[in-house]
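**Student:** following is a predicted model, sequence given first.
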Amino acid sequence: MSSLSRELVFLILQFLDEEKFKEMVHKLEQESGFYFNMKHFEDLVQGGEWDEVERYLSGFTKLEDNRYSMKIFFDIRKQKYLEALDRL
């Protein structure tokens, strides 16, 4: 993505955030793959929204990209599994 494209995406993100279009903001962050919103990611994790955590993260990295990606996806799926066991 060119520098101009990145700046344009960033401006759009700022505008959408100010206008309270949070869902659109997070989707654009994910789709552009250029701005990872750690606060949003933390909120998803703390809320136990594991499918959404994986979906958001997959906009930035894939399981097979490197060992760090593999580790975080493994940890997410492990937590999802452990929580499912707790519900039984």
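**Tutor:** Everything's here; your move.

**Student:** ok, Lys20 - how many residues close by?
**Tutor:** 9 (other Cβ atoms under 10 Å). Using the backbone N, CA and C atoms, a C-beta is placed for each residue, glycine as well.

**Student:** tell me the SS of it?
**Tutor:** For Lys20, the secondary-structure state derived from DSSP: H, G, I helix; E, B strand; the rest coil is coil.

**Student:** what segments of this structure are helices?
**Tutor:** Along the chain, counting by DSSP state H, helices occupy 3-18, 22-32, 38-46, 50-57, 67-87.

**Student:** tell me the contacts of the closest residue to Glu54 other than its chain neighbours?
**Tutor:** Distances taken as Cβ to Cβ, 6 or more residues apart in numbering put Ile76 closest to Glu54, at 5.8 Å, once the chain neighbours are dropped. Residues in contact with Ile76, defined by Cβ atoms under 8 Å, 6 or more residues apart in numbering, are 50, 53-54, 57.

**Student:** ok so, going back, adding mean pLDDT, write the helices of the chain out as a markdown table.
**Tutor:** Below are the helices of the chain laid out as a markdown table (pLDDT from 0 to 100):
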| stretch | mean pLDDT |
| --- | --- |
| helix 3-18 | 87 |
| helix 22-32 | 88 |
| helix 38-46 | 95 |
| helix 50-57 | 95 |
| helix 67-87 | 96 |
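
**Student:** can you give me the domain assignment for this protein?
**Tutor:** Per automatic domain parsing, the structural domains of the chain span 1-35, 36-88.

**Student:** pick out the residue nearest the middle of the chain.
**Tutor:** Taking Cα atoms, centre = their mean, the centroid of the chain lies closest to Tyr56, which sits 2.8 Å from it.

**Student:** isn't it up against His26?
**Tutor:** Yes: Tyr56 lies in contact with His26 (Cβ atoms under 8 Å); the separation is 6.8 Å.

**Student:** quick check: neighbours shared by those two?
**Tutor:** Shared contacts of Tyr56 and His26, defined by Cβ under 8 Å, 6+ apart, are found at His40.
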